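In: requesting a structural model of the entry that follows:
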Amino acid sequence: MGKRSEYKNGTFCWPELATSDTDKAKEFYSEVMGWTTTDMPLECGGYYSMWQLGEDVIGAMYKLVDDQIKQNIPPHWIGYVSVDSIEETIKKINSLNGKILMGPADVGDAGRMAFVQDPQGANFALWQGLNNKGASLVNDPGSLCWNELATKDIEAAKSFYCGVFGWTVQTDDSVDHQYTVFYNGEAMAGGMMEMTEEWGDMPPHWMIYFSVKDTDRQCEVIEKSGGNVCVPPMDIDNIGRFAVVNDPQGATFSIIDLNSPDP
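Out: Numbering: from 1, shown residues only. Coordinates of the predicted model:
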């Protein structure tokens, strides 16, 4: 099982949903992913809900705040990258023309966080864990298993992320479209693909993938539960079968039945 208690600097460690309706999101993800929630009151009001799969915490959810709504920020998933020092990471982001959207800020005794953006406009978050290092389960069905960047400038993205996190890259030209894998040491940190004209005016973004046992069956459940299948199930040679979906509030994520999940 993909149990985790620590995360190396530069590793995606936490998926978080910002939604317009937490009650409906709870119903949907309970039906689709089998998650339960534990609500933690926030000082500013409302709750921060921890997604759980059995006894494992696999991510979290909160309701979009007024400032986000005023900025027309839609429901969305965002991935957090574990860092040893948020301050040092922010210095690197600023030096490489990235943006700090919010923070850094303390999250009680759990850790420190910041919302950031790469030079092409893809958003992600930083997490310096203290008492909460991140998800306690990854790669198993129902949990986070991959993060993938869609960008309009591959070379600029390579320079930025390798400069910020010390990642290296390996590009596969044998497939129909070029695919780049980021490595954090010997471990895969995430993937990257170029956004062509076919993507239209969609902005650069990071996509979160959750592992499932059966992608086709999962898509049926998603649609019956009020979600939408944006990209129908298709195979990736030697990797698995994936689909891109929306929850009822419009947050996009991907699911994949992996041939050989990482431990």
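In: just the strands in the stretch 51-200 of the chain please.
Out: Here the stretch 51-200 of the chain has its strands, by DSSP state E, counting those that start in this stretch, at 56-63, 76-82, 99-107, 111-117, 123-129, 144-151, 168-172, 179-184, 187-194.
In: and these as JSON lines, adding distance to residue 35?
Out: Quick note: C-beta positions are derived from backbone N, CA and C, even for glycine. As requested, the strands of the stretch 51-200 of the chain are exported to JSON lines (distance: least, C-beta to C-beta, whole Å):
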{"stretch": "strand 56-63", "distance to residue 35": "7"}
{"stretch": "strand 76-82", "distance to residue 35": "13"}
{"stretch": "strand 99-107", "distance to residue 35": "21"}
{"stretch": "strand 111-117", "distance to residue 35": "21"}
{"stretch": "strand 123-129", "distance to residue 35": "20"}
{"stretch": "strand 144-151", "distance to residue 35": "12"}
{"stretch": "strand 168-172", "distance to residue 35": "33"}
{"stretch": "strand 179-184", "distance to residue 35": "27"}
{"stretch": "strand 187-194", "distance to residue 35": "23"}
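In: these: lowest mean pLDDT?
Out: When the strands of the stretch 51-200 of the chain are compared on mean pLDDT, strand 168-172 scores lowest, with a mean of 89.
In: give the other helices and strands that that strand contacts.
Out: Contacting strand 168-172 under the criterion 3 or more C-beta pairs under 8 Å, 6 or more residues apart in numbering; DSSP states H and E are the following elements: helix 154-165, strand 179-184.
In: JSON lines for those, including distance to residue 13 and mean neighbour count?
Out: Putting those into JSON lines (distance: least, C-beta to C-beta, whole Å; neighbours: other C-beta atoms under 10 Å) gives the following:
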{"stretch": "helix 154-165", "distance to residue 13": "12", "mean neighbour count": "18"}
{"stretch": "strand 179-184", "distance to residue 13": "11", "mean neighbour count": "19"}
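In: closest to residue 147 out of these?
Out: For these, proximity to residue 147 was assessed by C-beta to C-beta; strand 179-184 is nearest, at 9.0 Å.
In: correct me, but residue 32 touches residue 219?
Out: No - when contacts are counted by C-beta atoms under 8 Å, residue 32 is not listed as touching residue 219 (9.8 Å).
In: re the thing from before, columns distance to residue 74 on top of the helices and strands packed on strand 168-172, output as JSON lines?
Out: Output for the helices and strands packed on strand 168-172, formatted as JSON lines (distance: least, C-beta to C-beta, whole Å):
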{"stretch": "helix 154-165", "distance to residue 74": "23"}
{"stretch": "strand 179-184", "distance to residue 74": "26"}
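In: dump the residue contacts of the residue nearest the centre of the chain.
Out: By C-alpha atoms, centre = their mean, the mean C-alpha position of the chain lies nearest to residue 79, the distance being 3.2 Å. With contacts defined as C-beta atoms under 8 Å, 6 or more residues apart in numbering, the neighbours of residue 79 are 12, 14-16, 124-125, 144, 147, 206, 208.
In: distance of it relative to residue 206?
Out: According to C-beta to C-beta, to the nearest Å, residue 79 and residue 206 sit 6 Å apart.
In: still on that earlier bit, out of the strands of the stretch 51-200 of the chain, which is closest to residue 227?
Out: Distances from residue 227 to each of the strands of the stretch 51-200 of the chain were compared by C-beta to C-beta, and the smallest falls on strand 76-82, at 13.1 Å.
In: quick check: can you name the pairing partners of that closest one and their directions?
Out: strand 11-19 (antiparallel), strand 123-129 (parallel) (DSSP bridges).
In: all set now, cheers.
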